[in-house]
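> no sequence on this one, just coordinates:
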DNA sequence: GATGGGCACTCGTCAGACAAGCGTCAATAC
DNA sequence: GTATTGACGCTTGTCTGACGAGTGCCCATC
């Protein structure tokens, strides 16, 4: 990761703060480049590069010869595009769920698992099955898979009730992004039994492969969120 | 919208093409700024601004004094973050569904609808209810609301089976983005009856408010996607 | 009153200069 | 012979000056 942020990135963030301080709204005009040069006491290049970043983010729009204007910009707290682990997400929503470890095993991966996690021959996979409950109601059922080698400790010496992201990070593996699939499902017979929940409800299933910043797959997870308790938000844009 | 793209944006896109042509992979080094200046025959400013945009997108990473390197960058075709109308989405998935208009009415909006669509007093709202089927199976049930004034024609003279986005655009209203909520639901009794579908399946519900680029709300929609037929993909990033 | 031209201002692009940082190679010291 | 340090070449980061392209406003002319 970058040692420290460049001036352009810093100026971009200072521009954001300026927009907020001045209470600028969609359609309002930003100070000109020369005004910003004087205000921020940096060179024009740094100003321009910062402004270009804001423009790419859709925050502002430049009109050649005229100036730069605020666009309308929806903002969401914790959108679905922001990756957070299940533990983190539940905490942010004030869900006081207790986390039960249903199963934790290391085994030889099947071919699908080996491909998913890009495992070398001979490498075992850990399967972690957990259930979050609130007052006897199942809220969230999770099945996680990750390479055995990532956690260099005996499985029975690890506390599996906390955040997997944090656990991986403690062992030097930082999750950077996930490729996610979103589906609506009902539980199959086995799952309904594990979860002790009726089969007729809808669950929002997030199937994700989590990677570090170099693209290495660290974790595969299937998270079943009970439909009556969970929804997610995001902004979608036309191209 | 901008009259024509700036050089920086064009160079950014040419850099993308260059990366693809050369088959550059994560960890590979990009040509230096001076090499790119000669290659693209533009000034250093345009190169730098373009590179900064790619860096913000997470495509590359700059190391001061060393060079710029490709990062790992998952790519998805048509991610959920890309907004497309239901008609468009179905077509892209090769769903040959016939579209039935169950209901089309203009009425006085309730308070919720008025707030959602920021309607002035006296402005009516149009409610459009449609069902997409494939061989008698309901695939997608939609309810759309939009200000009556957006379509300056009698309702019975409009073909409601096609794309709403296209229809709005034909009347000068371009959808730019939507704020979306994703949920897993089962159909209620009324809906199951409308849809002629059993009540026990799971449906992926997308509730969206669509806006033009100035932030004006154009359309509110509830789209129920049958769980066994639809899933969506997206990339999620840690902050 | 309407239209056209000029001017001031703004963003877009190029070029030159210097600072900050990185990696490699050669020289020196142990 | 090996390890450390310094110099050099190269790269990115930042500043500055200059000119081109475009916009909007004001004034003059018809």
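Here it is on my side, so go on. Keep in mind it's a predicted model, so treat the numbers as computed, not measured.
> the bottom helix or strand of chain A by mean pLDDT?
Within chain A, no helix or strand scores below helix A:86-92, which has a mean of 86 by mean pLDDT, DSSP states H and E.
> can you pull the buried residues of it?
Buried residues in helix A:86-92, defined by neighbour count with 16 or more other C-beta atoms under 10 Å in any protein chain shown: A:86, A:87, A:89, A:90. Where you see a C-beta, it was placed from the backbone N, CA and C, and this is true even at glycine.
> Report the buried residues of whatever helix or strand comes next after that helix.
Heading C-terminal from helix A:86-92, the first helix or strand you meet, by DSSP states H and E, is strand A:98-107. Neighbour-count burial for strand A:98-107 flags residue A:99 (criterion: 16+ other C-beta under 10 Å).
> Report all helices and strands that whatever helix or strand comes next after strand A:98-107 contacts.
The helix or strand immediately downstream of strand A:98-107 is helix A:111-116, counting by DSSP H and E. Where contact means 3 or more C-beta pairs under 8 Å, 6 or more residues apart in numbering or on different chains; DSSP states H and E, helix A:111-116 is packed against strand A:217-226.
> Give me the packing partners of the strand it packs on, helices and strands only.
Strand A:217-226 sits against helix A:111-116, strand A:137-147, helix A:164-170, strand A:203-211, with contacts defined as 3+ C-beta pairs under 8 Å, 6+ apart.
> Export these to JSON lines and append columns for mean neighbour count, distance to residue A:64 and mean pLDDT.
Converted to JSON lines, these look like this (neighbours: other C-beta atoms under 10 Å in any protein chain shown; distance: least, C-beta to C-beta, whole Å; pLDDT from 0 to 100):
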{"stretch": "helix A:111-116", "mean neighbour count": "12", "distance to residue A:64": "48", "mean pLDDT": "88"}
{"stretch": "strand A:137-147", "mean neighbour count": "21", "distance to residue A:64": "51", "mean pLDDT": "93"}
{"stretch": "helix A:164-170", "mean neighbour count": "17", "distance to residue A:64": "45", "mean pLDDT": "89"}
{"stretch": "strand A:203-211", "mean neighbour count": "23", "distance to residue A:64": "40", "mean pLDDT": "95"}
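> among those, which is nearest residue A:70?
strand A:203-211 (34.0 Å; C-beta to C-beta).
> Parallel or antiparallel, list what pairs with that closest one.
Here strand A:203-211 is paired, per DSSP bridges, with strand A:177-185 (antiparallel), strand A:217-226 (antiparallel).
> tell me the domain boundaries of chain A?
Per automatic domain parsing, the domain ranges recorded for chain A read A:7-70, A:86-226.
> These: which one's closest to residue B:165?
Between the domains of chain A, domain A:7-70 lies closest to residue B:165; by C-beta to C-beta that is 18.8 Å.
> pLDDT of the closest one, averaged?
Domain A:7-70 shows a mean pLDDT of 93.
> Check which residues of stretch A:177-197 are buried.
Buried residues in stretch A:177-197, counted by 16+ other C-beta under 10 Å: A:177-187, A:191-192, A:194-195, A:197.
> I meant to write stretch A:225-233 there.
Neighbour-count burial for stretch A:225-233 flags A:225, A:226, A:227, A:229, A:230, A:231, A:232, A:233 (criterion: 16+ other C-beta under 10 Å).
> Other residues contacting that stretch?
A:76, A:78-80, A:95, A:137-140, A:182, A:184, A:197, A:201-206, B:179-186, B:202 (C-beta atoms under 8 Å, 6 or more residues apart in numbering or on different chains).
> Tell me what the nearest residue in space to residue A:221 that is not next to it in sequence is bridged to.
Of all residues not flanking residue A:221 in the chain, residue A:144 sits nearest, at 4.6 Å (C-beta to C-beta, 6 or more residues apart in numbering or on different chains). Beta bridges link residue A:144 to residue A:128, residue A:221 when assigned by DSSP bridges.
> so who does residue A:144 touch?
With C-beta under 8 Å, 6+ apart, residue A:144 has these contacts: A:127, A:128, A:129, A:130, A:164, A:219, A:220, A:221, A:222.
> just residue A:189 next, same as before
residue A:199.
> what does residue A:167 give?
Residue A:167 neighbours (C-beta under 8 Å, 6+ apart): A:151, A:158.
> Check residue A:175 too.
A:83, A:85, A:165, A:168, A:169, A:210, A:211, A:212, A:218, A:219, B:238.
> any idea how far the residue nearest to residue A:29 when sequence neighbours are not counted lies from DNA strand C?
Of all residues not flanking residue A:29 in the chain, residue A:67 sits nearest, at 5.0 Å (C-beta to C-beta, 6+ apart). According to C-beta to the nearest atom of the strand, to the nearest Å, residue A:67 stands 4 Å off from DNA strand C.
> Kindly calculate the angle that the one helix or strand residue A:133 maps to makes with strand A:137-147.
Element membership of residue A:133, judged by DSSP H and E, is strand A:125-134. With axes from the mean of the first three to the mean of the last three C-alpha atoms, to 10 degrees defining the directions, strand A:125-134 sits at 160 degrees from strand A:137-147.
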